[in-house]
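# next input, structure requested:
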Amino acid sequence: MIRFLKYVVLALVAILLLMFAYANRHVVAVSFDPFGVGSDRAVGIEAPMFAVMTVFTMIGVVAGAFATWLSQGRYRRASRHNRAEAAKWRSQAETMKANALPRP
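Numbers count the residues shown, from 1 in each chain. Next comes the predicted model:
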């Protein structure tokens with residue numbers, strides 16, 4: 001049942017994206033030169049609107065994931081430290097247990 005619902009949601013998202021692409025297929029000029037005047041753009045492209053929106057959405061998702069990864073660095077470092085400390089304590093406990101048990 002869950003798999004079916006996933007496919008239904010995926011199909012709806014695909015339909016919405018296709019409708020967006022069809023409605024915004026006209027060509028737009030994207031310029032990265034704030035001082036460019038008219039058609040004398042030094043750095044710019046002409047592409048369909050849906051392609052521009054899709055690319056910039058993907059760039060935003062990647063930038064957000066990278067920012068989240070950077071902000072969680074202290075937690076990853078603490079986890080590594082705690083894991084190493086737990087391994088050290090575990091080996092000490094096993095050594096003490098091996099030395100404390102009488103051998104038959």
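
# quick one: the helix or strand harbouring residue 18 to chain centroid distance?
Residue 18 belongs to helix 2-23 when assigned by DSSP states H and E. Chain-centre distance of helix 2-23: 21 Å, with Cα atoms, centre = their mean, to the nearest Å.

# elements contacting it?
On a contact count with 3 or more Cβ pairs under 8 Å, 6 or more residues apart in numbering; DSSP states H and E, helix 2-23 meets helix 49-71. Every C-beta, even on glycine, is put in place using the N, C-alpha and C of the backbone.

# tell me the angle the helix it packs on makes with helix 2-23.
Calculated by axes from the mean of the first three to the mean of the last three Cα atoms, to 10 degrees, helix 49-71 forms an angle of 130 degrees with helix 2-23.

# from residue 58, how far out is residue 46?
When Cβ to Cβ, to the nearest Å is the yardstick, residue 46 and residue 58 sit 19 Å from each other.

# what's the angle from the biggest helix by length in the chain to helix 49-71?
Among the segments of the chain that qualify as a helix by DSSP state H, the longest is helix 73-100. Put simply, helix 73-100 runs at 40 degrees to helix 49-71, going by the same axes, to 10 degrees.

# could you pull up the mean pLDDT of helix 73-100?
On average, the pLDDT along helix 73-100 is 93.

# over to stretch 26-37?
Average pLDDT, stretch 26-37: 79.

# and the contacts of that stretch?
Contact with stretch 26-37 is made by 41, 42, 43, 44, 45, 46, 47, 48, 49, 52, as judged by Cβ atoms under 8 Å, 6 or more residues apart in numbering.

# tell me which of those residues has the lowest pLDDT.
residue 41 (63).

# and stretch 76-92, how far out from the chain middle?
28 Å.

# now swap in stretch 24-34 and tell me
Distance of stretch 24-34 from its chain centroid, counting by Cα atoms, centre = their mean, is 26 Å.
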